[in-house]
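Student: predicted structure and sequence below. I'll ask about it afterward.
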Amino acid sequence: MKRLRIAIQFCVAARVLAAASFLPAENWPQWRGPSDNGLSRETGLPLTWSKTENVVWRVPLPGQGGSTPVIWNDRIFLTTADGEKNLLLMAFNTAGKPLWQETISDGNRPVRGGEGNYASPSPSTDGKHVWVMVGTGEIGCYTVDGKNVWKFNLQDRYGKFGIMFGMASTPVLDGDRLYLQLLHSGGSWVLALDKLTGNEVWKVRRPTDARAECEQSYASPIVYRDSQRALLLTHGADYIIAHRLTDGGEVWRCGGLNPKGSYNPTLRFVASPAAVEGLIVVPSAKKGPILGLDPASKGDISDSNQGHYWVHPKNTPDVPSPLIHGGLVYLCGEEGTLLCLDAKTGEQCYQKRVYGGQHRASPVYADGKIFLTARDGTITVIKPGRTLDVLAQNKMDEQMTSSPAISGGRIYLRTWDALYAIQAAAK
């Protein structure tokens with residue numbers, strides 16, 4: 001009987017292990033991942049790698065781009081420049097084989113002395129279609145096999161962009177709609193498009209008293225949901241604003257991110273807000289304030305304590321977006337300094353340098369690790385917690401401005417030269 005019990009236990013364990021091995025991979029369907037907040041449930045990821053160690057494959061790319069790849073099952077999609085002129089949507093399978101590419105637009109332009117270009121907005125996918133936008137305003141929908149469904153230029157429909165470095169905001173895909181913020185000196189619009197037709201569902205003008213370069217935003221909208229509400233959050237032109245998903249109507253707004261008494265006319269927002277249930281974390285720019293806001297707010301809460309859980313008065317990241325995990329908020333500055341705050345109170349846990357290189361990518365979390373990506377290709381891995389614990393630093397020795405994408409037990413890294421698949425114990 002004892003042997004029989006052991007045999008039965010062995011069979012059950014084998015079935016559990018077999019079932020676990022066939023658990024579906026978590027997709028990374030848009031810029032900030034499966035929940036639009038930089039968090040992944042994937043496990044078994046490597047702690048260390050290099051250009052050769054734990055590399056499953058490396059595929060060269062035809063040009064530079066800062067957009068993050070998106071993954072659905074065995075398909076990977078990314079945008080990139082093709083040399084200096086064209087902007088492409090490219091598709092690969094998870095074996096690293098190129099599947100197809102489409103020219104989305106010409107008119108690519110390098111910005112900030114070559115730091116970026118018009119391949120900055122990330123694509124998104126639902127496994128059947130992929131949506132793409134580039135800095136020229138060209139936006140479109142393709143099947144995952146590369147067939148064009150619809151395409152048009154946002155500037156033709158909504159007016160010429162007045163923005164210094166190209167429209168870099170990434171649309172957010174939610175349900176049957178694609179939501180966009182077009183905040184620039186030539187206009188201030190928030191849009192909902194039908195994802196399968198490209199038809200306008202609603203359009204609202206976004207009022208602001210911002211002036212000069214502050215009218216221009218490179219941040220991306222996000223969708224917030226809890227059991228009581230669903231909100232579209234747009235960030236730029238001195239305010240974060242919450243809109244109803246149904247018609248774009250304004251629910252609440254909050255300023256105070258560019259104080260009127262010391263107004264900075266070049267304070268354009270790049271970092272996007274981040275949210276978990278019950279909390280919205282709002283960055284500003286150029287070492288300015290960080291806000292912890294209540295999603296249940298109403299009206300204009302700029303000049304009151306209403307709706308404010310906390311205010312951290314300085315040291316916001318200028319470009320990387322916040323990450324919220326385990327009751328803590330992580331904010332990675334451009335110079336490689338990591339600021340960690342208590343999510344409930346805003347109290348500072350630490351602020352320490354993790355790596356001296358410039359950081360443009362946003363931090364992501366998976367497998368008990370937080371990944372911070374520097375422009376020179378150094379990815380610092382830290383352990384989440386109230387004290388800084390650096391676990392590893394991995395050097396790719398290639399320029400990077402896109403955030404890691406995580407799916408199927410792999411970390412996908414997009415450098416200016418190539419797309420990498422990183423996996424533990426790769427052969």
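Tutor: Structure's in. What do you need? Predicted model, so just to flag it, every value in this text is computed and none were measured.
Student: after the helix or strand of the chain with the lowest mean pLDDT comes which helix or strand?
Tutor: The weakest-scoring helix or strand in the chain, judged by mean pLDDT, DSSP states H and E, is helix 2-21 (a mean of 35). Where DSSP states H and E defines the elements, the next helix or strand beyond helix 2-21 is strand 55-60.
Student: could you export that following strand as CSV, CA atoms only?
Tutor: The C-alpha trace of strand 55-60 is given here as CSV (Å, rounded to 0.1, in the frame of the first residue of the first chain):
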residue,chain,number,x,y,z
VAL,A,55,20.7,35.0,-25.3
VAL,A,56,18.2,32.8,-27.2
TRP,A,57,18.5,34.9,-30.4
ARG,A,58,19.4,38.3,-31.7
VAL,A,59,17.8,39.8,-34.8
PRO,A,60,19.3,43.0,-36.4
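Student: please identify the buried residues of that strand?
Tutor: For strand 55-60, the neighbour count (16 or more other Cβ atoms under 10 Å) marks V55, W57, R58 as buried. Yep, even glycine has a C-beta here, placed from its N, CA and C like the rest.
Student: just stretch 411-423 next, same as before
Tutor: Buried, per 16+ other Cβ under 10 Å, within stretch 411-423: I411, Y412, L413, R414, T415, W416, D417, L419, Y420, A421, I422, Q423.
Student: tell me the two of those residues that are most distant?
Tutor: The span of the buried residues of stretch 411-423, defined through Cβ to Cβ, is set by W416 and Q423 at 22.0 Å.
Student: phi, psi of E215?
Tutor: phi -70, psi -20 (degrees, to the nearest 10).
Student: returning to that earlier point: among the buried residues of strand 55-60, which one lies nearest to G187?
Tutor: G187 lies nearest to R58 out of these, by Cβ to Cβ, at 41.7 Å.
Student: gap between the closest one and T52?
Tutor: To T52, R58 is 9 Å away according to Cβ to Cβ, to the nearest Å.
Student: please apply the same query to Q306.
Tutor: As judged by Cβ to Cβ, Q306 and T52 stand 55 Å apart.
Student: try R253
Tutor: Taken as Cβ to Cβ, the span from R253 to T52 is 50 Å.
Student: repeat for P121
Tutor: 31 Å.
Student: more neighbours: which of these two?
Tutor: Shown here are P121 and T52; by other Cβ atoms under 10 Å, P121 has more neighbours (27 against 8).
Student: need the contact list for the more buried one.
Tutor: Shown in contact with P121 (Cβ atoms under 8 Å, 6 or more residues apart in numbering): S67, T79, V132, M133, V134, G135, M167, A168, S169, T170, P171, S220.
Student: from these, which is closest to G357?
Tutor: G357 lies nearest to S67 out of the contacts of P121, by Cβ to Cβ, at 20.3 Å.
Student: is the closest one in a helix, a strand, or coil?
Tutor: coil (DSSP: H, G, I helix; E, B strand; the rest coil).
Student: show me what contacts the residue lying closest to it once chain neighbours are set aside?
Tutor: Sequence neighbours aside, S122 is the residue nearest to S67 in space, at 4.2 Å (criterion: Cβ to Cβ, 6 or more residues apart in numbering). If you count contacts by Cβ under 8 Å, 6+ apart, S122 has them with Q30, W31, S67, T68, P69, V70, L78, T79, T170, S402.
Student: ok, now H129?
Tutor: Contacts of H129 (Cβ under 8 Å, 6+ apart): C141, Y142, T143, V144, V149, K195, L196.
Student: can I assume the last one is in contact with R177?
Tutor: The reference is to L196. No - under the criterion of Cβ atoms under 8 Å, L196 makes no contact with R177, lying 10.0 Å away.
Student: these two: who's more crowded?
Tutor: Taking other Cβ under 10 Å, L196 and R177 do not tie; R177 has more neighbours (20 against 14).
Student: pLDDT at the more buried one, what is it?
Tutor: Looking at R177, its pLDDT is 98.
Student: please apply the same query to the one 10 residues further on.
Tutor: The predicted local confidence for G187 comes out at a pLDDT of 93.
Student: gap between V55 and K97?
Tutor: From V55 to K97 the distance is 16 Å (Cβ to Cβ).
Student: same question, L182
Tutor: Remark: distance between L182 and K97 (Cβ to Cβ) = 36 Å.
Student: could you pull out the strands for the stretch 251-400 of the chain?
Tutor: Using DSSP state E, counting those that start in this stretch, the strands found in the stretch 251-400 of the chain span residues 274-276, 279-282, 290-293, 299-300, 308-312, 323-325, 328-332, 337-342, 348-353, 364-366, 369-373, 378-382, 390-395.
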